[in-house]
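Novice: Just a sequence and a predicted model for now, questions to come.
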Amino acid sequence: MSSRLFGVDFPSPIGLAAGLDKNAEAVKGFSSIGFGFMEVGTVTPLAQPGNPKPRLFRLPSDEALINRMGFNNLGAEEMAKRLAALKFRPVPIGVNIGKNKATPNEEAHLDYKKCIAALYPYADFFVVNISSPNTPDLRNLQHGNELALLLEAVMAEMKSQAEHFGAEKAVLVKIAPDVSPQELEYMVNTIARSGVSGVIATNTTLARDGLSHAHAGETGGLSGKPLQKKSTEIISQIYMQTDGKLPIIGSGGIFTAEDAYEKIKAGASLVEIYTALIYEGPEINRKLHRQLGELLRKDGYRHISEAVGADHR
């Protein structure tokens, strides 16, 4: 079940999505419960408080969460100190980066560059978050010329840091599920041309279809079961559009090994969970790992890489 992707060795295909360990405070703990990798953040150049509380809501009847956290974090320098102090790293760490709320979109590229510069030595890979629904206008960076210009600046900074430290690192883009097929096609073309290493599909959704819980009307991004089908469809479109050449980390509504396997067969090389961990607890990792292995063997696959994109063959 181990795999190597964009120059990084992953002991398991199941990782922790960004948003739970925003300040790299619990890397040791999360690394010890069976994750094959984890993201920390989203981190911004300067510390910011995020949105007023309450800002996180459970919807148990829908197996979902709604959050409007707003990139609350202690800033890139504080995260750098914490990651630098780690004596042992059992799993790869992805640093998820964003822009400060006060930074206008025209200057957003400067915030992403600052995060990369501050954290380059401590990340195994970076994730450019342009898809949170809780920072005003952030999702506009996914479209038009803004995306191309942002990724050009990000890649230039990654190259500069690689030359300085003598080590190249991967950078991925995390995208939203709330896009039309045409918008997604344009976005993926731009991402593929930019030279980034892959995509994470997807972030939370603004859609509220089929929810039954009283919190359904809360503002924010919805994660969990209701996102499962949509995120898998987006993974499938990305895989088909790129002929499987752009690595995908699948995220959205994974609660069972079957859910994870569905995303892998749609085109994801790795998967991430968040909401399921909140509801099921830390045992879910080892259960998913064991049962996913059984599903692969049942279908005659000797390695997980053989199952990636199987739905398209």
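Specialist: Looks like it arrived, so ask away.

Novice: Mind telling me what element the residue sitting nearest the centre point of the chain is part of?
Specialist: Central residue of the chain (CA atoms, centre = their mean): Ile200, 4.8 Å from the mean position. Ile200 is part of strand 198-201, with elements assigned from DSSP states H and E.

Novice: In the helix or strand just after that strand, which residues are buried?
Specialist: Counting by DSSP H and E, the element after strand 198-201 in chain order, helix or strand, is strand 221-224. For strand 221-224, burial by neighbour count (16 or more other CB atoms under 10 Å) applies to 221-224. (Glycine included, C-beta is placed from N, CA and C.)

Novice: And stretch 243-262, by the same measure?
Specialist: Buried positions in stretch 243-262, judged by neighbour count with 16+ other CB under 10 Å: 244, 246-257, 259-262.

Novice: residue boundaries of the helices in the chain?
Specialist: All helices of the chain, identified by DSSP state H, fall at 27-31, 76-84, 108-119, 144-165, 181-194, 228-241, 257-266, 275-280, 283-298.

Novice: out of those helices, which comes closest to Leu56?
Specialist: helix 275-280 (9.6 Å; CB to CB).

Novice: Pull out the buried positions in stretch 20-36.
Specialist: Result for stretch 20-36 [16+ other CB under 10 Å]: buried residues 21-24, 27, 30-31, 34-36.

Novice: And stretch 229-239, by the same measure?
Specialist: Using 16+ other CB under 10 Å as the test for burial, stretch 229-239 gives 230-239.

Novice: then that stretch to CSV, C-alphas only?
Specialist: Taking Å, rounded to 0.1, in the frame of the first residue of the first chain, the C-alpha atoms of stretch 229-239 are listed here in CSV:
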residue,chain,number,x,y,z
LYS,A,229,-20.3,11.9,-5.2
LYS,A,230,-19.4,15.3,-6.4
SER,A,231,-15.8,15.1,-5.5
THR,A,232,-15.5,11.7,-7.1
GLU,A,233,-17.0,13.1,-10.3
ILE,A,234,-14.4,15.9,-10.4
ILE,A,235,-11.6,13.4,-9.8
SER,A,236,-12.9,11.4,-12.7
GLN,A,237,-13.0,14.5,-15.0
ILE,A,238,-9.5,15.6,-14.1
TYR,A,239,-8.1,12.1,-14.7
